[in-house]
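*Asks:* Below is the sequence, then the predicted model.
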Amino acid sequence: LDWWQADRYCEQRFAQLLFEPQGSEQGSFSKLLQSHHIRGSVWLKERDSVLHRTKRRRGHTVPVLVFRDKTDTKYVKVLSDFPALPAVTACAHLQWDTRTQEIATIFSYAVPAFINEFQLRGFVDEEGFVRFALIVHGHHSPYLPVFRADGQWHHFCVTWQQENGTWAIYADGKRRASATGLCSGGTSAPQAIFGQGTFIIGQDQDSLGGTFRAKESFSGNITDLHIWQKVLSSEQIEKVRSCWVLEQDLVFGWSSNALEVESTVQAVTTQLLCPGPVEECRVLEVGSSGFSYASCLQTLPFICLYSKDAYWQLKRAQLESSHSLASRVNSLAVRTVIPDSVFTSDVQDMNLSVALDTLDILATVLRGGEVPVLEPSDLLTVLQLLKQVSDMEIQEGDELEMLEQLGHYYMEVTELILEEQNSGTWSSISQVIRGPMAVVELCDRMVSLLVPLLTPDRTKIMIQHGNIGLHRVTVKNMWFGYGSLQRCLSVSQDTAASDGGQKQSAETKGEPKISPHEDLFLISSSSSFGLFFFWENEIPIMPWLSVEVKGNFCVFSLFLLHLSPDAGGMWSTAGCSVVMSLPDSTACFCNHTTNFAILLQVYEMQQRTTKEEFTLQTLTFIGCGVSFCALIVTFILFLVVRVPTSERTTVHKNLIFALAAGEALLMFSELAKTSQVLCFMVTAFLHLFFMAAFSWMLVEGLLLWSKVVAVNMSEDRRMKFYYLTGWGLPILIVGVTLATSFNKYVAANHCWLNVQTNVIWAFVGPVLFILAVNTLVLLRVLTVTVASARRRLKMLSPNSSLENQIGTQIWATAKPVLVLLPVLGLTWVCGVLVHLSIVWAYVFIVLNSLQ
């Protein structure tokens, strides 16, 4: 099969396409394949491929206009009102008729004032290339080669803008021609393309909307024509070529309902296999045990990979099954709807009619209680069937009433398999399907099938059965499914869940940031989407998710859901508590508190419990509060008591000020989370003051070094150097970080540096360097003080006992360590261990909030 079919084949059998064998596996695996007489290439699935490849085939079913011969009768009129176009882009897929070399008009746009207002023409040259020329306001670009006349489908785009008369022609994603000055009338600037004209596909208009000539008509096939009132960038044109529809500034989108088709023009439906950013897939070369890439659309052998536990659980489910559900459904359908085994069944492409009948019968059997408790094999076959339906492709001629009914049956079947009495069955297949969250993925896939239900008159639908449903689905062009990652523009979220019968929910507004531990969905193009379930004791009772998406492509996450790549997911209430419970909703507070331990945290921690968060925050407030008071008192004493000015007191005062300011901001940073601007400012100042505190700790170390090692520098020059290090260095670091990472500076849940975009290293990196320098300083000081103590002991007490000498040496070592550890900031070293255990977080906060 091709890569997409192979991947789906394995997935529908609860397996995965084989991952790359690693290390010593390669040779033995290659021998195994050869022993089964498999040669050549075998499909592989790349690890972490979710980041750059969708699991769905890039099939795009579209209506195609067939212009069989050059005639003066065949035409198609676009039923759309065109505004004035100061800039324009027109793109389409085209199949050129290679039988003729005469000039052909792909499209023409005419207005009463000017017949040849906007037009694209082409012909096949003697070398076998199709040459295009663009006409604007009657001005003609040269004919330039764009693609080979090979009878294959090609994608083209033409762009023009009023400014400088700049134009370009793209073919198959590459710019083939471009220039300026098209329709620049002498010294005057070009005019915009006039609005309210007539757009004809396949003919040149010699009068408004008519007077066609056969020799200038188009012969071939055309589809997927879209027109925008702006110039698309190369990246956007590549997206359009890959069958994405860019909604912004779209004047005309390809649709049979928006075309007036002359009776002799044939309209057929075909499937384009759209190219995309990843056109080649990974293969294993069996003979050489090496890896390479091949076109994803090739048909190659493949292997489905099971974990041993999952495989034996599947086998056991098959052996112990009574097949009661399959027998009942198949007898009602008078054919094999549910196979006896998930291993042997041929997973076929379904059509809408077959899917509707199948789910209708299945829902009837499950609803009627004829199978009171699902067996493991029953549950697996139902899930397999739901996967088949969600992978189905809707054809243009399919009836929308049938599609909506399919959605109802789908949600009903989903709700019935999540009934409480089936909780034991879910547990018994935990190695195959890791939790009922598999249902969320299936529902997410099902959403993409419901796109045709949405029209300008019907922008929202709701499908609900019992405790599960789809709510307010307004989705357009959802080409990438579950697990895809794209840039998020703006989202508001409500999520809720419950555990052990207690309703829990979370309300979050703003831009959610992507964590590797969060489950991700993607919806594109100004959409709303909701899924809701009900969850109790690991079986659905009431999780809630609803999302408003504005802008282009947006990721949103289920904040209460813990999901690793293999986990399957269960709802968690960690860190959340109920604020208000109403008959139809539950409001909850999810506690993502700021505490001292986050300062050196270089990646997202798993959600802590409410008790742990409370303890961390309490320790932070107590430690920072006590420390802040002590620092202020010390600073006042330095001023009031008039301690003699010296290098040491000056350095101490600067360190005290920076540390006090940082700790005060940290204690009250929670209050800034409600305002994006305020939170940004607090983060920047926290970064500055804690960076300054560490810079002055570095100065403390350098000052100590100058006391134990001769430094040839005057005190005045040293102080200038110290101020430059203490304040200049942090200002430079914060300034550079803001300049390079302004839009990804702040974390999602705290007023502190962003972990996911690695901005955190603008603090942690310099801190680790300073700690390393100060460690060397401490070791040098210890060497000097221990040697000094030894000499003093020999001078003052030459005959002292061995115990006395050892005790003196220990004290000579311990005293500078105890005094200098906090002064040099070396207690922060344990900050790198906070990821290992909550205990280290407690230790870190106690040591450093009291620094």
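*Replies:* Here it is on my side, so go on.
*Asks:* doesn't Pro145 fall inside a strand?
*Replies:* Yes. If the criterion is DSSP: H, G, I helix; E, B strand; the rest coil, then Pro145 is within a strand.
*Asks:* out of everything not next to it in sequence, what's closest to it?
*Replies:* Leaving aside its chain neighbours, Pro145 sits nearest to Phe129 (3.8 Å; criterion: C-beta to C-beta, 6 or more residues apart in numbering). Placement of C-beta: from N, CA and C, glycine included.
*Asks:* cool, and Asn422?
*Replies:* Leu374 is the one closest to Asn422 (C-beta to C-beta, 6+ apart), at 5.1 Å.
*Asks:* do the same with Gln161
*Replies:* Ala87 (3.9 Å).
*Asks:* now do Val136
*Replies:* The nearest residue in space to Val136 (C-beta to C-beta, 6+ apart) is Cys183, at 4.4 Å.
*Asks:* In terms of pLDDT, where does the one you found sit?
*Replies:* Cys183 is assigned a pLDDT of 76 by the prediction.
*Asks:* show me what contacts it?
*Replies:* Counting by C-beta atoms under 8 Å, 6 or more residues apart in numbering, Cys183 touches 136-139, 165, 190-191.
*Asks:* what comes up buried for stretch 828-848?
*Replies:* Within stretch 828-848, the residues that count as buried by 16 or more other C-beta atoms under 10 Å are 828-832, 834-835, 840-848.
*Asks:* which two in those residues are spaced the farthest apart?
*Replies:* Farthest pair in these (C-beta to C-beta) is His835 and Val846. Separation: 17.5 Å.
*Asks:* Report the mean per-residue pLDDT for the longest helix along the chain.
*Replies:* If you go by DSSP state H, the chain has its longest helix at helix 761-796. Here helix 761-796 scores 84 as its mean pLDDT.
*Asks:* Mind listing what's buried along it?
*Replies:* Those buried within helix 761-796 under the rule 16+ other C-beta under 10 Å are 762-764, 766-768, 770-771, 773-774, 777-778, 781-782, 785-786, 789, 793.
*Asks:* Note down every partner strand of the helix or strand harbouring Ser108 and its orientation.
*Replies:* Counting by DSSP states H and E, the element that carries Ser108 is strand 104-111. Sheet pairing of strand 104-111 (DSSP bridges) gives strand 114-124 (antiparallel), strand 198-201 (antiparallel).
*Asks:* How far off centre is it?
*Replies:* 41 Å (C-alpha atoms, centre = their mean, to the nearest Å).
*Asks:* Can I get that strand in CSV, CA atoms only?
*Replies:* Backbone C-alpha positions of strand 104-111 (Å, rounded to 0.1, in the frame of the first residue of the first chain) are rendered in CSV as follows:
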residue,chain,number,x,y,z
ALA,A,104,-6.1,29.2,-25.2
THR,A,105,-7.8,31.5,-22.6
ILE,A,106,-7.9,29.9,-19.2
PHE,A,107,-10.1,32.7,-17.8
SER,A,108,-11.1,36.2,-18.8
TYR,A,109,-12.6,39.1,-16.7
ALA,A,110,-14.3,41.9,-18.5
VAL,A,111,-16.0,45.1,-17.3
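*Asks:* returning to what we had before: and the residue nearest to Asn422, what does it touch?
*Replies:* Taking C-beta under 8 Å, 6+ apart as the test, what Leu374 contacts is 325, 382, 417, 422, 425.
*Asks:* Compute the distance between the first one and Phe694, please.
*Replies:* Spelled out, it's Leu325. Distance, Leu325 to Phe694, by C-beta to C-beta, to the nearest Å: 65 Å.
*Asks:* Of these two, which one has the most company?
*Replies:* Taking neighbours as other C-beta atoms under 10 Å, Leu325 and Phe694 compare with Phe694 leading, 27 against 22.
*Asks:* wait, the more buried one sits on Gly825?
*Replies:* Yes. Using C-beta atoms under 8 Å, Phe694 is in contact with Gly825, at 6.1 Å.
*Asks:* what's the overlap in contacts for these two?
*Replies:* Ile770.
*Asks:* immediately after the host helix or strand of Ser292, which helix or strand?
*Replies:* Here Ser292, judged by DSSP H and E, is contained in strand 290-295. With elements assigned by DSSP H and E, the helix or strand that comes after strand 290-295 is strand 304-305.
*Asks:* And the very next helix or strand once past that following strand, what's buried?
*Replies:* Toward the C-terminal end, the helix or strand that comes next after strand 304-305 (DSSP H and E) is helix 308-319. Residues of helix 308-319 classed as buried: 310-311, 313-314, 317-318 (neighbour count, 16+ other C-beta under 10 Å).
*Asks:* Run through who's touching helix 308-319.
*Replies:* By C-beta under 8 Å, 6+ apart, helix 308-319 touches 14-15, 306, 340-343, 375-377, 380, 428-432.
*Asks:* just stretch 148-155 next, same as before
*Replies:* By C-beta under 8 Å, 6+ apart, the list of residues contacting stretch 148-155 reads 91-96, 98, 124, 128-130, 146-147, 171-173, 221, 240-241, 272.
*Asks:* got it, and stretch 634-648?
*Replies:* 649, 652-653, 656-657, 660, 703, 715, 718-719, 722.
*Asks:* please redo it, this time with the cut-off set to 10 Å
*Replies:* 649-650, 652-653, 656-657, 660, 699-700, 703-704, 706-707, 715, 718-719, 722 (C-beta atoms under 10 Å, 6 or more residues apart in numbering).
*Asks:* secondary structure class for Asp444?
*Replies:* Asp444 is classified as helix under three-state DSSP.
*Asks:* Okay, domains of the protein per the record?
*Replies:* Domain segmentation of the chain under the TED database yields 3-51+279-305, 58-273, 308-474, 610-850.
*Asks:* now the ones you listed in TSV, with distance to Tyr603?
*Replies:* Formatted as TSV, those follow (distance: least, C-beta to C-beta, whole Å):
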stretch	distance to Tyr603
domain 3-51+279-305	16
domain 58-273	30
domain 308-474	23
domain 610-850	6
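*Asks:* among these, which is nearest Ile598?
*Replies:* It's domain 610-850; of these, that one is closest to Ile598 (C-beta to C-beta) at 5.6 Å.
*Asks:* Now do the phi/psi pair for Gln137.
*Replies:* That one is not Gln; residue 137 is His. Here is the backbone geometry of His137 (degrees, to the nearest 10): phi 50, psi 30.
*Asks:* mind listing what it touches?
*Replies:* 111, 113-114, 116-118, 160, 165, 182-185, 190-194.
*Asks:* which residues sit in contact with the nearest residue to Val832 once chain neighbours are set aside?
*Replies:* Nearest in space to Val832, with sequence neighbours left out and distances taken as C-beta to C-beta, 6+ apart, is Leu600 at 6.5 Å. Residues near Leu600 by C-beta under 10 Å, 6+ apart: 760, 763-764, 767-768, 828-835, 844, 848.
*Asks:* can you check Val413 too?
*Replies:* By C-beta under 10 Å, 6+ apart, the residues touching Val413 are 358-360, 362-363, 365-367, 382-383, 385-386, 389, 442, 465, 468.
*Asks:* mind checking how far it is from Arg335?
*Replies:* 18 Å.
*Asks:* Leu416 too?
*Replies:* Distance from Leu416 to Arg335, by C-beta to C-beta: 22 Å.
*Asks:* Give me the more crowded residue out of the two.
*Replies:* Just comparing Leu416 and Arg335: by other C-beta under 10 Å the higher neighbour count belongs to Leu416, 21 against 11.
*Asks:* for that one, what are its contacts?
*Replies:* With C-beta under 10 Å, 6+ apart, Leu416 has these contacts: 362-363, 365-367, 369, 371, 374, 382, 422, 465-466, 468.
*Asks:* The residue nearest to Tyr745 when sequence neighbours are not counted in helix, strand or coil?
*Replies:* In space, Tyr745 comes closest to Val759 once its chain neighbours are excluded; the distance is 5.7 Å by C-beta to C-beta, 6+ apart. Assigned with three-state DSSP, Val759 falls in the coil class.
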